[in-house]
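# I'd like to go over a predicted model; first the sequence, then the structure.
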Amino acid sequence: MPSRVGVILFPGSNCEQDAVEAVRMLGGEAELLWHGDATVAGVDAVIVPGGFAHGDYLRPGAIARFSPVMAAVQRFADEGGPVVGICNGFQVLTEAGLLPGALQKNRGLKFLCATTTLRVETTSSVLTSELAVGDQLRIPINHFEGNYTCDPETLSVLKADDRVVFRYVDNPNGSIDDIAGICSSGRNVVGLMPHPERAISPLLGSDDGVGCCGRCCARDGGLTGRRRHETRGRLGARSFSLRREMPAALSTEAGTPWPARRRTRCPCDPSRP
């Protein structure tokens, strides 16, 4: 059975449809979760997507952390449910206390929109259990406040506990210790600034995000959701390759066009798709 993946929608989110598209193209079932509802609706995994939740007022994620859905996300994470925060979602998770540290303005005070190279630092997380330490992934970034920071004690804990999930090969934003993504002590909550959901097809410039995103929507259930908690942290019941299972429509060699998206008609002009 495909995994049901909930993608949280805040006022100001602008990457939720990217996450939904990625989940569906990789075989999962995606549904939007409104920030004002105090439930995750029984999903198997949660994605907190990128954007500018609540306009990034005060600071990114500072208001979103108080949305009713975040209490449900906290409970879900406490029970072992996989939670992934991407870009603004990472910022929300740090503000909510699900992950340590904070994200500050980029070195040089410039908005960055580019493809970066990440190095996988651990396979013991819900995003990287199908990858290998040392793998290098081409994943885009799109942020102004993506400079990860924490105090020396927190950094020591992250390194000692193998909780640095990704590092930048060429640090673009000044993040401490080149950190691009980290995980919780339970290893089921991951936050990263780069956008793996935007790297799921060669048509997008890279399909290196497949190995990450696919863990949230594995067709065999992939130990997502509460099943991971029940297995006391074992991150893979059986090995499978998401790259081998990619739909043919994602392959440039297949010669097929970009798959038709699920669309609704424009409410302003019914004649437009």
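Done, it's in.

# Now do residue 45 against residue 70, distance only.
16 Å (CB to CB, to the nearest Å). Backbone N, C-alpha and C define where each C-beta goes, glycine included.

# for the closest residue to residue 107 other than its chain neighbours, what are its contacts?
Spatial nearest neighbour of residue 107, chain neighbours left out: residue 174 (2.9 Å); criterion: CB to CB, 6 or more residues apart in numbering. Residues near residue 174 by CB atoms under 8 Å, 6 or more residues apart in numbering: 106-108, 147.

# now those in CSV, with neighbour count?
CSV is the format used below for the contacts of residue 174 (neighbours: other CB atoms under 10 Å):
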residue, neighbour count
106, 20
107, 14
108, 10
147, 23
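
# Relative to residue 186, which of these is nearest.
Set against residue 186, the nearest of the contacts of residue 174 by CB to CB is residue 147 (25.5 Å).

# Same drill for residue 45 and residue 70, tell me which one is more crowded.
Between residue 45 and residue 70, residue 45 has the larger neighbour count (other CB atoms under 10 Å), namely 28 against 23.

# for that one, phi and psi?
phi -160, psi 160 (degrees, to the nearest 10).

# That one contacts residue 84, correct?
Yes: here residue 45 lies in contact with residue 84, judged by CB atoms under 8 Å, at a distance of 7.3 Å.

# for this protein, what are the low-confidence residue spans?
Along the chain, the model assigns pLDDT under 70 to residues 214-273.

# And residue 10, how far from residue 76?
17 Å.

# list the buried ones in stretch 127-137?
By 16 or more other CB atoms under 10 Å, the buried positions in stretch 127-137 come out as 127-131, 137.

# and the end-to-end length of that stretch?
13 Å (CA to CA, to the nearest Å).

# repeat for stretch 172-181
End-to-end distance of stretch 172-181: 14 Å, with CA to CA as the criterion.

# Then stretch 102-120?
Distance between the boundary residues of stretch 102-120 (CA to CA) amounts to 21 Å.

# just how off-centre is it within its chain?
Put simply, stretch 102-120 sits 16 Å off its chain's centre (CA atoms, centre = their mean, to the nearest Å).

# Counting neighbours, what do you get for residue 36?
11.

# Please, which helix or strand holds it?
Using DSSP states H and E, residue 36 sits in no helix or strand.

# show me the contacts for the residue lying closest to it once chain neighbours are set aside.
Distances taken as CB to CB, 6+ apart put residue 68 closest to residue 36, at 5.7 Å, once the chain neighbours are dropped. Applying CB under 8 Å, 6+ apart to residue 68 gives the contacts 35-38.

# go again using 10 Å as the cut-off
By CB atoms under 10 Å, 6 or more residues apart in numbering, the contact set of residue 68 is 34-39.

# If any of those residues are buried, put those into a PyMOL selection.
Entered in PyMOL, the line below selects the buried ones among the contacts of residue 68, by 16+ other CB under 10 Å:
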select buried, resi 35+39
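
# could you dump the contacts of residue 68 to a markdown table with distance to residue 205?
Listed next are these as a markdown table, based on distance: CB to CB, whole Å:
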| residue | distance to residue 205 |
| --- | --- |
| 34 | 32 |
| 35 | 30 |
| 36 | 35 |
| 37 | 35 |
| 38 | 38 |
| 39 | 36 |
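
# nearest to residue 169, of the contacts of residue 68?
Nearest to residue 169 among the contacts of residue 68, counting by CB to CB, is residue 35 at 34.3 Å.

# Is the closest one in contact with residue 6, as I believe?
No: under the criterion of CB atoms under 10 Å, residue 35 makes no contact with residue 6, lying 11.4 Å away.

# which residues are common contacts for the two?
Common neighbours of residue 35 and residue 6 (CB under 10 Å, 6+ apart) are 48, 69.

# hmm, back to that, please identify which pair of the buried residues of stretch 127-137 lies farthest apart.
For those, the farthest-apart pair by CB to CB is 129 and 137; their separation is 14.5 Å.

# residues touching residue 7, list them.
With contacts defined as CB under 10 Å, 6+ apart, the neighbours of residue 7 are 13, 15-20, 22-23, 30-33, 43, 45-49, 84, 86, 89, 197, 216.

# Endpoints of stretch 103-110, how far apart?
Using CA to CA, the end-to-end distance of stretch 103-110 comes to 14 Å.
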